[in-house]
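>>> only geometry, no sequence info:
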């Protein structure tokens, strides 16, 4: 596969079916470091399946995914898990925080899983919580904070390991306009400051407006609007 | 926007010269479209003629630009009435986009392509507005939000139409 020059994550000809339902039917994708790409399309068009394939969560039936020069399909499960833990960050629409842990423990969790000491992990976590303007919630549990605050904590957790790619699937889907916008501002600022690429799945145009460019997925096929022009 | 009512409203806080009025208007409302001096003076003479403002004083040196205007009681009533009257919502029933989609279907062109390019163009505008909003003050944010919500409404229509293209194609073919 010929990845576009400088591309960090590239997919070509992805196909994926769940039983008789075809979710992806020859989708392509590419993203550069520091770039925010919105993945748009109607419900059921294959947006989330594309994200799951790109992130190595779901293997495609056919097609190729290259990350930093390596083909994902040639990695074993342990290698892919390690990649997801250290190189990728994830933000979803709902319920990603562990309710029994405090917010700072939640943010520190990915570092702890990678073997960082509690003290060091929580220091880094607090730093990220500061950047997302939620450091004052460090000792609270997720049940004690608002939806918008919880989502910022989730973004801090996704970025705490310094991922090179942040996958965000409808990250503001459960928030009102004001909170959603603030989350998008902080998320994109934080990602740009670390030169992380952001794959942003959304059906909301106002959220997609925070991206650098968009690709549209329809009936499992992708269309890169910038390259189409 | 009614420039006359806006200038009248600006006069409620106290008398001003034409130049002051223009400056206050541009600062608060004219971000993209500052007023021309000619517009200010033609509007003020109309308001004067209709008794909604009066000349409060003329500075030495004369010339129309030296006039200081004050709002009259009739002017205050007029502003009050304007503010209290709801604006008629635009109905957007003559949509160029709709015409283009139907024409594309009639002439067997790809209507999906038209919708995709339009989405892309709308998003381009939305990115510029979003960026301006991020770096602007509260007034900028409110103005950009108003535009963004309207563009978003267009986009929702585009998505819905894209989802209904097959149905529309069948209807158009009849």
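Cool, the structure landed. These numbers were taken from a predicted model, which means no experiment stands behind them.

>>> Kindly provide the distance from residue B:114 to chain A.
Relative to chain A, residue B:114 is positioned 12 Å away (CB to the nearest CB, to the nearest Å). All C-beta spots, glycine's among them, are computed from the backbone N, C-alpha and C.

>>> What strand or helix carries that residue?
In this structure, residue B:114 is located in helix B:111-135 according to DSSP states H and E.

>>> And the contacts of that helix?
Helix B:111-135 is contacted from outside by A:38, A:40, A:185, A:205-206, A:208-211, A:214, A:216, A:218, A:223, A:225, A:228-229, B:97, B:100-101, B:104-105, B:140-141, B:144-145, B:147-148, B:151-152, B:154-155, B:158-159, B:161-162, B:165, B:168-169, using CB atoms under 8 Å, 6 or more residues apart in numbering or on different chains.

>>> Buried ones in it, by neighbour count?
Using 16 or more other CB atoms under 10 Å in any protein chain shown as the test for burial, helix B:111-135 gives B:111-112, B:114-116, B:118-120, B:122-123, B:126-127, B:129-130, B:133-134.

>>> Residue 77: neighbouring residues, count only.
Since no chain was named, I'll use chain A. If you count neighbours by other CB atoms under 10 Å in any protein chain shown, residue A:77 ends up with 8.

>>> oops, I was thinking of chain B
Neighbourhood size, residue B:77 [other CB under 10 Å]: 11.

>>> remind me which residues of the chain are low pLDDT?
Unless you meant another one, I'm taking chain A. Within chain A, the segments meeting pLDDT under 70 span A:1-3, A:95, A:226-229.

>>> ah, I was thinking of chain B
Residues of chain B meeting the criterion pLDDT under 70: B:1, B:60-65, B:93-94.

>>> Mind listing the residues bridging to the residue nearest the centre of chain A?
Centroid-nearest residue in chain A: residue A:167, 1.0 Å away (criterion: CA atoms, centre = their mean). For residue A:167, the beta-bridge partners under DSSP bridges are residue A:90, residue A:199.

>>> Surely it and residue A:199 touch.
Yes. Counting by CB atoms under 8 Å, residue A:167 does reach residue A:199; the two are 5.0 Å apart.

>>> what separates residue A:45 from chain B, distance-wise?
In this view, residue A:45 and chain B are 10 Å apart by CB to the nearest CB.

>>> swap that for residue A:30, please
Distance of residue A:30 to chain B, computed by CB to the nearest CB: 17 Å.

>>> for that residue, which residues make a bridge with it?
With DSSP bridges as the rule, residue A:30 is bridged to residue A:10.

>>> wait, what's in contact with it?
Counted by CB under 8 Å, 6+ apart, residue A:30 has contacts A:3-4, A:7, A:9-11, A:224.

>>> quick one: the strands in chain A?
Applying DSSP state E to chain A gives strands spanning A:9-18, A:21-31, A:36-40, A:62-67, A:70-71, A:88-91, A:165-169, A:197-201, A:213-218, A:221-224.

>>> So what are the sheet partners of the shortest one and their directions?
Looking at strand A:70-71 with DSSP bridges, its paired strands and their directions are strand A:62-67 (antiparallel).
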